[in-house]
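Asks: Pasted the sequence and its predicted model underneath.
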Amino acid sequence: MAAIHYYFVRHGETTANADQRVQGWADSPVTRAGMHVVDQVAETLADVPFDLAYSSDLDRCIETGERILMKQENDIQLFPVEGFREYNFGGLEDQDIEKVWPKSISQLVDDMRINQIPSTQYVPLIIENLVDRDEEGNSEDFITFWNRIEEAMLDIHDDALEVRMETQKEDIHVLIVSHDMPIRFFLHEVLPEFDLKEELEYGHYAHIVYTKGAYELEEFNQV
């Protein structure tokens, strides 16, 4: 059965991550420990014949993606995509995680479940919570955040279909290196069974398959 296999990889741990600082559109290099995990996932994915490869246009994702592609037999080019950037925290950028997230996403989801809020509202409300606490008023709203991810994903999907037509291959394999919130929130939107409390760890991947107009989760938090 013809399918498009998407491998979403979270970038390796960075110095800001190690220092417990929020890192949205700001950037910092991948740590030595983070690169070690990236090398592990690169070995794991070395046997996946990627046809296309994309990443957020932030350096930590480009660095991670290029490291993974070094293990590929074929010469695959990495295409940076602005749409897959991390959430823009605005005035909350580079602050301590505990200050920006007094409650984690997991805790916020638990609260919303207790209050019987529909799961379709989880992501908008989580982002609204961030916007409300940004005194500078520069944090990204939900519509802006989601539209850029959706547009990027549609463009990538079109590219995958074009490759299928050109190569006549049934299965197309696509690498996408991004960040916590874009990956986690996208999976929540397209996979009914996905628990938003599940965090993709640094340098780990989620494998989802698109076939017959629907997405299915194959693997999660793999390295």
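Replies: Received it, and whenever you're ready, just let me know what you need. Residues are numbered from 1 along each chain as shown.

Asks: what about the chain, any weak spots by pLDDT?
Replies: Scanning the chain for pLDDT under 70 picks out no residues.

Asks: Tell me who's in contact with the residue nearest the centre of it.
Replies: When C-alpha atoms, centre = their mean is applied to the chain, the residue found nearest the centroid is I183 (2.8 Å). Taking C-beta atoms under 8 Å, 6 or more residues apart in numbering, we find I183 in contact with 8, 10, 200, 206. Backbone N, C-alpha and C define where each C-beta goes, glycine included.

Asks: Would you mind putting the residues you listed into CSV with neighbour count, distance to E73 and secondary structure alongside?
Replies: Putting these into CSV (neighbours: other C-beta atoms under 10 Å; distance: C-beta to C-beta, whole Å; DSSP: H, G, I helix; E, B strand; the rest coil) gives the following:
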residue, neighbour count, distance to E73, secondary structure
F8, 22, 22, strand
R10, 27, 24, strand
L200, 20, 26, coil
A206, 24, 23, strand
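
Asks: ok, the residues you listed vs H157, which is closest?
Replies: Nearest to H157, judged by C-beta to C-beta, of the contacts of I183 is F8 at 13.5 Å.

Asks: Can you tell me how far the residue located most distally from the centre of the chain is from R10?
Replies: Distance from the C-alpha centroid of the chain peaks at Q168, with 28.4 Å (C-alpha atoms, centre = their mean). For Q168, the distance to R10 (C-beta to C-beta, to the nearest Å) stands at 33 Å.
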